[in-house]
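1. A structural model of the following input is requested.
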Amino acid sequence: MLYPLKFKDIYKEKVWGGRRLSSLLGKDTSPIADCGEAWVLSGLPGDASEVSNGYLAGNSLNELVEIYMDDLVGETAYERYGEEFPLLFKFIDAHDWLSVQVHPDDILARERGMARGKTELWYVIHAEPGAQLISGFNQALTEKVYLDHLAMGKLKDILNFTEVKKGDVFFMPPGRVHALGPGIVIAEVQQAADITYRIYDWDRPDKDGQMRELHTELAMKALDLSGLGEERLHYHTVLNQTMPLSSNDHFRCGLLHLTQSLHKDLRYADVCVVYLCLGGQATLAWEEGSEEIRAGEAVLVPAMMDSISLRPHGSASFLEVSP
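-> Next up is the predicted model:
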């Protein structure tokens, strides 16, 4: 029988990374000095997550999708994605500005030989006072105006900067220019794609003293120049029930703040569910066993399971996500 699965972290060193994944989430990122990302659930080739609990420990996520198929991911998801796990879950620590960037949508990505584009959702789990991010432009632009600002080194004049605080949620569709700023740690849910077009990198060298590649021409066709600005998602906090955040073509995501035990009936879901722990600790229990889940961890509940219970140790918060 399948059971709720936990996975080993995959750490990524970044020129803009820091040490908050260790200090805030208790992750052992050594020997990486500047850890920017912890991939907690991934099926990307070369970066497939490895199970860390139970009798399937040591198997990769992709091996399990191949073996268990719709019992693991759900019939609808398996019909659409086959043996590819369609989502990627990360925690990101921005000690410095990330590059100003954009992602393609599915159509453009396929035109360029890639399986899919990249839609993202960010939940802010930590923000220093005054911390900012970039989401969209501050005005509608023509291609000429955009390229002129880029050529003159004045891109910042047309970007939409917005202050953030803990608990903010941002939806980042393909085409939206964006960047995380210093002092922010987020949980990210995204399509399983690792394609980024870098537009501007703050004129800084990488750890080897080299300037990172920019993708001006590739980004041009991907960019939405309409000046959409931020897409901060507004929600009302209700304890002990799932609050919907986003339902789009690629995933459904809700927010769950627990102060008491909660039973989840999954009989009619026909899809796997991922619980990404944002803070606190809880016991995830099912008929045959239980598993502890702490801040910074993800657990994948297979589609074949009928029910689970979440029992917080005091309180705990989760993103609840399904393909």
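
2. now do the buried residues in stretch 269-285.
-> The neighbour-count check on stretch 269-285 (16 or more other C-beta atoms under 10 Å) flags 271-282, 284-285 as buried. (Each C-beta comes from the backbone N, C-alpha and C, glycine too.)

3. so which of these is the closest to Asn248?
-> Val271 (14.5 Å; C-beta to C-beta).

4. and the closest residue to that closest one other than its chain neighbours, what is it in contact with?
-> Excluding the flanking residues, the one nearest Val271 by C-beta to C-beta, 6 or more residues apart in numbering is Gly74, at 3.6 Å. By C-beta atoms under 8 Å, 6 or more residues apart in numbering, the residues touching Gly74 are Ala269, Asp270, Val271, Cys272, Ala303, Ser322, Pro323.

5. which strand or helix spans the spatially closest residue to the last one that is not a sequence neighbour?
-> On the basis of C-beta to C-beta, 6+ apart, the spatially nearest residue to Pro323 that is not a chain neighbour turns out to be Ala77, at 4.4 Å. Under DSSP states H and E, the secondary-structure element containing Ala77 is helix 75-81.

6. by contact count, what packs against that helix?
-> The helices and strands touching helix 75-81, judged by 3 or more C-beta pairs under 8 Å, 6 or more residues apart in numbering; DSSP states H and E, are helix 70-73.

7. other SSEs contacting the helix it packs on?
-> Secondary-structure packing of helix 70-73 (3+ C-beta pairs under 8 Å, 6+ apart): helix 61-68, helix 75-81.

8. and those: which comes nearest Gly227?
-> Go through these one by one with C-beta to C-beta and the one that ends up closest to Gly227 is helix 75-81, at 32.9 Å.

9. buried sites along the closest one?
-> Neighbour-count burial for helix 75-81, counted by 16+ other C-beta under 10 Å, picks out Ala77, Tyr78, Tyr81.

10. now stretch 179-196
-> Across stretch 179-196, burial judged by 16+ other C-beta under 10 Å covers 179-195.

11. same question for stretch 239-256.
-> Thr242, Leu245, Ser246, His250, Phe251, Arg252, Cys253, Gly254, Leu255, Leu256.

12. just the ones of those residues in strands?
-> Judged by DSSP state E, the buried residues of stretch 239-256 include Leu245, Ser246, Arg252, Cys253, Gly254, Leu255, Leu256 as members of strands.

13. list the residues that contact the residue lying closest to the third one once chain neighbours are set aside.
-> Of all residues beyond its chain neighbours, the one nearest Arg252 is Ser322 (5.0 Å), with distances taken as C-beta to C-beta, 6+ apart. For Ser322, the contacting residues are Gly74, Phe251, Arg252, Ala269, Val271, Cys272, Val273, Val274, by C-beta under 8 Å, 6+ apart.

14. what's the closest non-adjacent residue to the last one?
-> By that I understand Val274. Ranked by C-beta to C-beta, 6+ apart and with sequence neighbours excluded, the top spatial neighbour of Val274 is Val321, at 4.7 Å.

15. what residues are up against that neighbour?
-> Val321 touches Leu87, Phe89, Val189, Phe251, Arg252, Cys253, Gly254, Val273, Val274, Tyr275, Leu276, counting by C-beta under 8 Å, 6+ apart.

16. now with 6 Å, please.
-> Val189, Phe251, Cys253, Val274 (C-beta atoms under 6 Å, 6 or more residues apart in numbering).

17. check Asp71 too.
-> By C-beta under 6 Å, 6+ apart, the residues touching Asp71 are Met304.

18. the longest strand along the chain pairs with which strands?
-> Counting residues, the longest strand found in the chain (DSSP E) is strand 307-322. Partners of strand 307-322 in the sheet, by DSSP bridges, are strand 252-258 (antiparallel), strand 262-265 (antiparallel), strand 273-286 (antiparallel).

19. nearest to Gly130, of those strands?
-> Closest of the strands paired with strand 307-322 to Gly130 is strand 273-286, at 22.0 Å (criterion: C-beta to C-beta).

20. tell me which helix or strand comes right after that closest one.
-> strand 289-294.

21. now for the helix or strand following that next one, which elements pack on it?
-> With elements assigned by DSSP H and E, the helix or strand that comes after strand 289-294 is strand 298-301. Helices and strands touching strand 298-301, by 3 or more C-beta pairs under 6 Å, 6 or more residues apart in numbering; DSSP states H and E, are strand 273-286.

22. any idea of the angle the strand it packs on forms with strand 289-294?
-> Calculated by axes from the mean of the first three to the mean of the last three C-alpha atoms, to 10 degrees, strand 273-286 forms an angle of 130 degrees with strand 289-294.
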